[in-house]
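Colleague: Provide a 3D model corresponding to the input given below.
(chains A and B)
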Amino acid sequence: MKKQGTTMATRDAVEPMIPWWAGGLGIGVVLILAVALVQPIGVSTQYVVLDRVLLHRMLADVAAQSPYLVDTAGGWTLLNFEFFFVIGIPIGAFLASLATKRFSTRLVPVEWARRFGPIPGRRLVWSFIGGFILLFGARFGGGCTSGHMISGVSQLAVSSLIFSAALFVSAIMTARWLYGDWGKR
Amino acid sequence: MKLLLGLILGAAFGAVIQLSGASSYSKITNALRLKDLTIMKLILTAIGVGLIGVHLLDALGLANMKVKDLYLPGLVVAGLIFGVGFAVTGYCPGTALAAAAEGKPDAWATVLGGLLGALVFAFMFPDLETYLLSFGRYGPVTIHGSFGIQGLLLAAPLGALCLWLAAKLPAGGGAR
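Modeller: So this is what the prediction gives:
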C-alpha cells in the first residue's frame, strides 16, 4: 500500500485491494439483497431526479414544462430508496479509499497524458463532454451499467442485453480508436 | 427504513467498486482496449451471481423484479452513445460518483457533465419520443418470458456459463 502522489499525471491506484471474483460476488450480493428487499439497483435515473429537484427549486415553471421531468417518479423529493442508494455509492467509495490509503486527487490519468498530453484543462473539458454523452445515452436507453447491465441482464431482460451489447461494441471501438490501438499491429 | 437500507446497500456497492478497481479510469480504459480483462471478469461474475440469485428468489416468489421496456432501434442508438462517453471518461454514471469521492477531479467533471446531459435529454424527450422511441416498442420483454418458461431454467445454466467464462478469461487480455 503505497501512498499516491497528487502530481499532474499519475497512475491511478490501479492495483485492486480485492480480487475480481470478490468484486463480482459483492456486486451480485448487493443486487440480490436489493431485489429481495426493495427493487433492482440503478444509478442513472437519479441524475434526472437530482436535476429535477434542483430545477424545481430554482425555476419551478421551467421544470414543469418538461413532461419527462414531471413524470420521472412521483413528487419533487429526494427521499426515496433509489436516491439514497446512489448517495451511498460515494460514501462507501470515500471510506474504502481512505481505509486503504488510496484517496488521490490525480487530475490527468497517465494513460490519458501519454496520448493527449498532461494538460489538466483538456482532461477536465473532455471528462465533462464525455459525462454529458454518457448520461444522455443512459437516459436515452433508460439505464446504465447498473440498471441495464447488472440488474437488467440478471433478470434476462431483452432490452438490457441489447443495450449492453451496443454499449460494449461502441466503448471498445471508441477506446481502441482513441488510444490509437488500431494502428499498432 | 428504506432510506437507510438504500444508503447501506449503496455504500456497500460503492466500497466494492472502489476496492475492486472498477472506479479506476486506468482499469476501465485498459479493459475497453482489451489489454486488461480484470473488469470483464468482475462484470461476468456479478452477472453470473445475479442471474442465479435473482431467479432463485423469483422462483421462490421473493423477488421484486423490474424489467425495462424493449424499444428498437432506440436502445441500440442509446447504447452506442453511452459507449462513447464510457470510453472517453473511463467512468460510468455509478463509478464516476465513486471516483469523485476518491478525490478524482475528472470524475467530478464527468458527474457535472452527466447532470447536464440528463437535463438536456429530459427537455429533448418529447421530440425523441416522437421520432425514435415511438416505434418498435415491445414492453418489458424477458428471454424466459417469451419462451414461456421458468426463469431459473435459463438463468442457472447461463449464470454458470458467465462464472465459467469469468474464470477462463485471461486477466491480461489478448489484444496486441
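Colleague: low-confidence regions, chain A specifically.
Modeller: A:1-14, A:73-75, A:183-185 (pLDDT under 70).
Colleague: now do 50
Modeller: Along chain A, segments meeting pLDDT under 50 span A:1-8, A:185.
Colleague: which residues of it fall in strands?
Modeller: With strands called from DSSP state E, chain A shows them at A:9-10, A:108-109.
Colleague: strand partners of the worst-scoring helix or strand of chain B on mean pLDDT, parallel vs antiparallel please.
Modeller: Within chain B, no helix or strand scores below strand B:137-139, which has a mean of 89 by mean pLDDT, DSSP states H and E. Under the criterion DSSP bridges, strand B:137-139 sits next to strand B:70-71 (antiparallel) in its sheet.
Colleague: and the helix or strand just after the strand it pairs with, anywhere near chain A?
Modeller: As assigned by DSSP states H and E, the chain's next helix or strand after strand B:70-71 is helix B:74-89. Yes. Using CB under 8 Å from any CB of the partner chain, helix B:74-89 reaches chain A at B:74-89. C-betas here are computed from N, CA, C, even on glycine.
Colleague: only alpha carbons, please: show stretch B:166-174 as PDB.
Modeller: The C-alpha trace of stretch B:166-174 is given here as PDB (Å, rounded to 0.1, in the frame of the first residue of the first chain):
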ATOM      1  CA  ALA B 166     -15.100 -15.200 -15.800                       C
ATOM      2  CA  ALA B 167     -12.800 -17.800 -14.500                       C
ATOM      3  CA  LYS B 168     -11.500 -18.800 -18.000                       C
ATOM      4  CA  LEU B 169     -10.800 -15.300 -19.400                       C
ATOM      5  CA  PRO B 170      -7.100 -14.400 -19.200                       C
ATOM      6  CA  ALA B 171      -6.700 -11.400 -16.800                       C
ATOM      7  CA  GLY B 172      -4.000  -9.900 -19.000                       C
ATOM      8  CA  GLY B 173      -6.200  -9.800 -22.200                       C
ATOM      9  CA  GLY B 174      -5.300 -10.900 -25.600                       C
END
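Colleague: now tell me what touches it from outside.
Modeller: Outside stretch B:166-174, the residues that touch it by CB atoms under 8 Å, 6 or more residues apart in numbering or on different chains are A:20-21, A:24, B:30-31, B:34-38, B:40-42, B:44-45, B:48.
Colleague: contact partners for B:Leu116?
Modeller: B:Leu116 neighbours (CB under 8 Å, 6+ apart): A:Gly131, A:Phe132, A:Leu135.
Colleague: and B:Leu80, by the same measure?
Modeller: A:Gly137, A:Ala166, A:Leu167, A:Val169, A:Ser170.
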